[in-house]
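K.L.:
let me see the structure of the following:
(one chain, ligands or ions: 1)
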Amino acid sequence: MLALEQVTASYGGSRVLFGVDIKAKKGEITCLVGRNGVGKTTTVKSIMGLVNTPSGSITLDGKNIFKMPTYARAKTGIGYVPQGREIFPQLTVRENILLGMEANKKVREIPEHIFEIFPILKEFLDRKGGDLSGGQQQQLAIARAIVSNPKVLILDEPTEGIQPSVIWEIGRTITKLKEYMAVLMVEQYLEFVLEVSDKCYVMEKGRIQMSGKTEDLDKKKLQEMLAM
Ligand SMILES: Nc1ncnc2c1ncn2[C@@H]1O[C@H](COP(=O)(O)OP(=O)(O)OP(=O)(O)O)[C@@H](O)[C@H]1O
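P.N.:
Numbering: from 1, shown residues only. Next up, the predicted model:
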């Protein structure tokens with residue numbers, strides 16, 4: 001389980017997170033939702049060690065990762081798909097996936113189960129990442145993040161810029177993945193959140209204002225909190 005307790009974060013002198021508590025467990029898709037600019041991306045960057053976090057605690061299966069550098073956190077078992085996916089457009093699909101294996105040097109070949117989850121990637125192994133469609137690039141980014149068997153997969157807005165039919169395909173994929181790892185996802189597309197997530201955290205101005213099982217959440221209140 002990934003557990004954040006009272007995490008604060010700041011950019012220069014300005015505080016953005018004010019004591020965030022989140023738990024993400026294997027077997028569940030946990031969603032972090034909220035309006036633009038409330039601190040969702042900063043929260044996942046805090047988990048990866050990419051922003052300044054003056055106080056709080058972050059543990060993965062009880063191990064304290066709060067002070068670790070980013071590469072060590074990845075190695076401890078966190079797969080991260082950043083907003084915008086950040087695949088390498090000039091590298092092939094194979095090379096992009098192999099980069100994800102750097103976190104776990106014991107794995108030398110792309111394991112076959114990756115192609116069972118993403119058959120299209122096997123077909124396109126020698127294509128450049130930049131030549132894939134947005135949905136295929138998202139699949140590639142997820143494949144790269146899970147190839148080293150992380151304990152947690154973190155996705156920052158996986159549906160952004162992806163056409164609706166492919167969004168649901170990605171929903172089915174991460175629903176399969178939650179059997180093997182905890183999934184923590186930042187997402188703005190409410191219909192998708194309500195369909196695929198098991199647990200939800202709603203953020204406002206750097207604080208969690210509402211949380212619980214997705215099925216138990218007051219949907220009207222949730223919509224109000226997310227309305228522009
Ligand atoms: N590199 C940065 N330097 C300074 N301030 C930043 C930086 N990145 C984000 N912020 C500020 O921190 C706050 C939270 O931003 P963050 O990107 O975490 O929000 P978000 O909820 O993920 O928004 P979005 O949905 O638009 O991605 C915002 O006020 C933003 O302007």
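K.L.:
what pairs with the host helix or strand of L155, parallel or antiparallel?
P.N.:
Take DSSP states H and E as the rule and L155 turns out to sit in strand 152-156. Taking DSSP bridges as the criterion, strand 152-156 sits next to strand 78-81 (parallel), strand 182-186 (parallel) in its sheet.
K.L.:
as a markdown table, those strands with distance to the ligand would be great.
P.N.:
In short, each C-beta sits where N, CA and C put it, glycine included. Formatted as a markdown table, the entries for those read as follows, by distance: least, CB to the nearest ligand atom, whole Å:
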| stretch | distance to the ligand |
| --- | --- |
| strand 78-81 | 14 |
| strand 182-186 | 6 |
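K.L.:
could these go into TSV alongside mean neighbour count and mean pLDDT?
P.N.:
Formatted as TSV, the entries for the strands paired with strand 152-156 read as follows, by neighbours: other CB atoms under 10 Å; pLDDT from 0 to 100:
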stretch	mean neighbour count	mean pLDDT
strand 78-81	25	94
strand 182-186	25	97
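K.L.:
closest one to G135 among those?
P.N.:
Closest approach to G135 among the strands paired with strand 152-156 is made by strand 78-81 (13.3 Å; CB to CB).
K.L.:
before we move on, the earlier item: which among the strands paired with strand 152-156 is found nearest to R15?
P.N.:
With CB to CB as the yardstick, what comes closest out of the strands paired with strand 152-156 is strand 182-186 (19.5 Å).
K.L.:
how far off centre is that closest one?
P.N.:
Relative to its parent chain, strand 182-186 has a centroid offset of 5 Å by CA atoms, centre = their mean, to the nearest Å.
K.L.:
what parts of this structure come near the ligand?
P.N.:
Within the chain, the residues that sit near the ligand (CB under 6 Å from any ligand atom) are 11, 16, 34, 36-42.
K.L.:
what is the most widely separated pair among the residues you listed?
P.N.:
Farthest-apart pair in the residues of the chain next to the ligand is Y11 and G34; separation 17.4 Å (CB to CB).
K.L.:
more neighbours: those two, which one.
P.N.:
The neighbour comparison of Y11 against G34 (other CB atoms under 10 Å) goes to G34, with 24 against 10.
K.L.:
so how far is F124 from that one?
P.N.:
With distances defined as CB to CB, to the nearest Å, the gap from G34 to F124 amounts to 35 Å.
K.L.:
do the same with L155
P.N.:
When L155 is compared with F124 (using CB to CB), they lie 21 Å apart.
K.L.:
of those two, who's got more company?
P.N.:
Between L155 and F124, counted using other CB under 10 Å, L155 has the larger neighbour count: 27 against 19.
K.L.:
pretty sure the more buried one is touching Q139, no?
P.N.:
No. Using CB atoms under 8 Å, L155 is not in contact with Q139, being 11.8 Å away.
K.L.:
quick one, strands of the protein?
P.N.:
2-11, 14-24, 29-33, 57-60, 63-64, 78-81, 152-156, 182-186, 199-204, 207-213 (DSSP state E).
K.L.:
what is the last one packed up against?
P.N.:
Right, the one you point to is strand 207-213. Applying 3 or more CB pairs under 8 Å, 6 or more residues apart in numbering; DSSP states H and E, we find strand 207-213 packed against strand 14-24, strand 199-204, helix 219-226.
K.L.:
which among the residues of the chain next to the ligand end up buried?
P.N.:
Judged by neighbour count, with 16 or more other CB atoms under 10 Å as the criterion, the buried members of the residues of the chain next to the ligand are 16, 34, 38-42.
K.L.:
including pLDDT, could those go into a markdown table?
P.N.:
As requested, those are exported to a markdown table (pLDDT from 0 to 100):
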| residue | pLDDT |
| --- | --- |
| V16 | 97 |
| G34 | 95 |
| V38 | 96 |
| G39 | 97 |
| K40 | 97 |
| T41 | 97 |
| T42 | 97 |
